[in-house]
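**Student:** Only the shape, not the letters, is given here:
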């Protein structure tokens with residue numbers, strides 16, 4: 001069977017010059033670091049305590065219990081058969097992963113045409129911002145009796161999702177009555193948190209109210225699409241088993257200790273060299289497929305939140321052999337490449353100008369699709385485009401973009417995707433998750449926490465008067481207020 005391939009020809013000095021490309025000697029110098037990174041990741045991944053404590057449980061998601069998958073599929077079909085619309089509330093991975101799946105695996109214009117949906121419900125995403133206009137417009141135009149709600153939050157306290165759910169819950173209750181909870185599924189922590197408490201209290205009164213699915217322990221949000229995204233896939237008719245099979249097969253390919261035969265390791269190694277030795281901190285993710293635009297946006301969160309870290313990692317080994325990772329305050333590193341989503345051919349008429357002639361501080365990753373679900377052939381005989389297929393043109397445009405970058409000594413690489421199917425999309429996601437984990441090892445940072453995200457949350461909680469904030473957090477905010485000088489507002 002065909003598989004995803006990684007073409008990295010244009011990352012080397014032989015293509016883009018000594019100043020901007022990787023040399024064979026660069027790879028040789030990293031051989032020990034690569035071997036150490038592989039063995040360390042393997043060590044923590046096979047230790048149950050380490051894997052869960054460090055949020056590496058995503059590695060096991062392709063091997064989920066088949067009975068649990070069947071239950072999700074059954075619930076998804078029940079929702080799809082009964083409701084016209086589904087409102088999904090979540091932010092970060094609880095939004096971006098779902099949007100990526102829907103854009104890639106459902107027909108384009110899924111919400112717009114009933115024939116494309118095949119009687120499945122329309123899907124709307126909210127709870128991912130605090131702009132009141134979008135949620136107001138949505139609820140004003142939906143029928144609560146024909147709408148199902150999914151809320152995804154580990155704790156239930158994330159402001160954006162919590163605020164949206166408060167409004168949506170009140171809207172459902174007003175439109176349906178006391179049994180409104182039967183039109184809600186909560187995907188949350190199986191044991192703790194405000195949402196878990198709400199589920200438990202509701203189900204004591206009505207077992208069909210506030211049904212729930214677990215956010216598995218040790219799975220961080222940006223790595224969780226193959227956990228919390230499965231119900232959404234089931235509702236839209238995506239083949240979950242094929243998604244997981246693609247991820248599983250990619251995991252096997254990328255378990256090879258030899259990085260020259262491991263595409264995920266090679267991707268991480270080359271980008272690390274270009275970042276650290278050649279001053280390439282900007283990562284352009286450019287799929288040449290409109291259906292993969294949202295997958296590029298999902299990747300932005302994956303890379304930025306995983307690798308953008310202030311402190312190096314300090315590893316402690318416990319008596320049972322499991323590990324604890326902590327930030328090392330004595331070693332400030334401020335690391336992490338900056339991802340930018342784009343797509344071909346649209347952005348060849350915008351960001352590509354900067355990619356070609358701007359500062360040479362970027363590496364572009366293309367995703368090339370070999371076969372599209374449908375194709376169009378241009379009519380006529382007199383034009384240079386006549387008789388050509390759209391699939392030919394978009395692949396030619398991707399090739400031309402590679403050539404233009406190489407001519408200007410701009411490193412780039414290509415993920416070759418045979419087709420945008422459930423199997424290959426699952427493989428693509430898992431490929432990028434492994435590359436990110438391995439790059440974190442090479443940088444010696446914790447790729448599975450996100451302490452920088454807490455800053456704005458804590459400030460909002462403080463201003464809103466939330467109880468239970470750590471005294472140190474409250475004091476920091478109190479003693480360091482934002483200063484706005486009218487002189488600098490014109």
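**Tutor:** Sure, I can see it. Predicted, not measured: the structure shown is a model, and the values here were computed from it.

**Student:** What residue spans form the domains of the chain?
**Tutor:** In the domain annotation for the chain, the residue ranges read 5-54+241-443, 58-240 (automatic domain parsing).

**Student:** closest to residue 453 out of those domains?
**Tutor:** domain 5-54+241-443 (6.9 Å; CB to CB). The C-beta positions use only the backbone N, C-alpha and C, and glycine is treated the same way.

**Student:** any idea where the strands of the stretch 51-200 of the chain begin and end?
**Tutor:** 85-89, 122-126, 147-152, 184-188 (DSSP state E, counting those that start in this stretch).

**Student:** what helix or strand is residue 283 on?
**Tutor:** Take DSSP states H and E as the rule and residue 283 turns out to sit in strand 282-287.

**Student:** Packing partners of that strand?
**Tutor:** With contacts taken as 3 or more CB pairs under 8 Å, 6 or more residues apart in numbering; DSSP states H and E, strand 282-287 sits against helix 293-307, strand 338-341, strand 362-371.

**Student:** how about these in JSON lines, adding distance to residue 108, mean neighbour count and mean pLDDT?
**Tutor:** Below are the helices and strands packed on strand 282-287 laid out as JSON lines (distance: least, CB to CB, whole Å; neighbours: other CB atoms under 10 Å; pLDDT from 0 to 100):
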{"stretch": "helix 293-307", "distance to residue 108": "11", "mean neighbour count": "22", "mean pLDDT": "98"}
{"stretch": "strand 338-341", "distance to residue 108": "18", "mean neighbour count": "19", "mean pLDDT": "98"}
{"stretch": "strand 362-371", "distance to residue 108": "14", "mean neighbour count": "21", "mean pLDDT": "98"}
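
**Student:** Could you export those to CSV, including columns for distance to residue 178?
**Tutor:** Shown next, in CSV, are these (distance: least, CB to CB, whole Å):
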stretch, distance to residue 178
helix 293-307, 37
strand 338-341, 44
strand 362-371, 49
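
**Student:** Of all these, which one comes closest to residue 261?
**Tutor:** Per CB to CB, nearest to residue 261 of these: strand 362-371, 19.9 Å.

**Student:** can you give me the offset of that closest one from its chain's centre?
**Tutor:** 17 Å (CA atoms, centre = their mean, to the nearest Å).

**Student:** same check, this time on stretch 194-210
**Tutor:** 29 Å.

**Student:** just to revisit the earlier point, which of the domains of the chain sits closest to residue 479?
**Tutor:** Among those, if distance is taken as CB to CB, the winner is domain 5-54+241-443, at 19.4 Å.

**Student:** Kindly check the end-to-end length of the closest one for me.
**Tutor:** 25 Å (CA to CA, to the nearest Å).

**Student:** what do you get for stretch 208-219?
**Tutor:** Stretch 208-219: ends 27 Å apart by CA to CA.

**Student:** Nearest residue to the middle of the protein?
**Tutor:** residue 298 (3.4 Å; CA atoms, centre = their mean).

**Student:** and residue 309, what are its bridge partners?
**Tutor:** Judged by DSSP bridges, the bridge partners of residue 309 are residue 335.

**Student:** same question, residue 366
**Tutor:** For residue 366, the beta-bridge partners under DSSP bridges are residue 286, residue 414.

**Student:** could the domains of the chain go into a markdown table alongside distance to residue 454?
**Tutor:** Shown next, in a markdown table, are the domains of the chain (distance: least, CB to CB, whole Å):
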| stretch | distance to residue 454 |
| --- | --- |
| domain 5-54+241-443 | 12 |
| domain 58-240 | 11 |
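
**Student:** which one of these lies closest to residue 467?
**Tutor:** Of these, nearest to residue 467 by CB to CB is domain 58-240, at 11.7 Å.

**Student:** how about stretch 14-25: buried residues?
**Tutor:** For stretch 14-25, the neighbour count (16 or more other CB atoms under 10 Å) marks 15-16, 20-22 as buried.

**Student:** Report the next helix or strand after the lowest-mean-pLDDT helix or strand in the chain in sequence order.
**Tutor:** Counting by mean pLDDT, DSSP states H and E, the weakest-scoring helix or strand in the chain turns out to be helix 454-464, with a mean of 88. As assigned by DSSP H and E, the chain's next helix or strand after helix 454-464 is helix 471-479.

**Student:** so that next one versus helix 454-464, what angle?
**Tutor:** 70 degrees (axes from the mean of the first three to the mean of the last three CA atoms, to 10 degrees).

**Student:** what packs against helix 471-479?
**Tutor:** With contacts defined as 3+ CB pairs under 8 Å, 6+ apart, helix 471-479 has these neighbours: helix 454-464.

**Student:** and the helix it packs on, what other elements does it pack with?
**Tutor:** Applying 3+ CB pairs under 8 Å, 6+ apart, we find helix 454-464 packed against helix 159-176, helix 471-479.

**Student:** can you do 6 Å?
**Tutor:** helix 471-479 (3 or more CB pairs under 6 Å, 6 or more residues apart in numbering; DSSP states H and E).

**Student:** Can you give me the separation between the residue nearest to residue 308 when sequence neighbours are not counted and residue 456?
**Tutor:** Nearest non-adjacent residue to residue 308, counting by CB to CB, 6 or more residues apart in numbering: residue 336, 3.4 Å away. Remark: distance between residue 336 and residue 456 (CB to CB, to the nearest Å) = 18 Å.

**Student:** and the two? which has more neighbours close in?
**Tutor:** residue 336 (23 against 10; other CB atoms under 10 Å).

**Student:** What values do phi and psi take at that one?
**Tutor:** phi 130, psi 130 (degrees, to the nearest 10).

**Student:** Tell me the pLDDT of it.
**Tutor:** pLDDT recorded at residue 336 is 97.

**Student:** Wait, it touches residue 307, no?
**Tutor:** Yes. The pair residue 336 / residue 307 is scored as a contact, 4.1 Å apart, by CB atoms under 6 Å.
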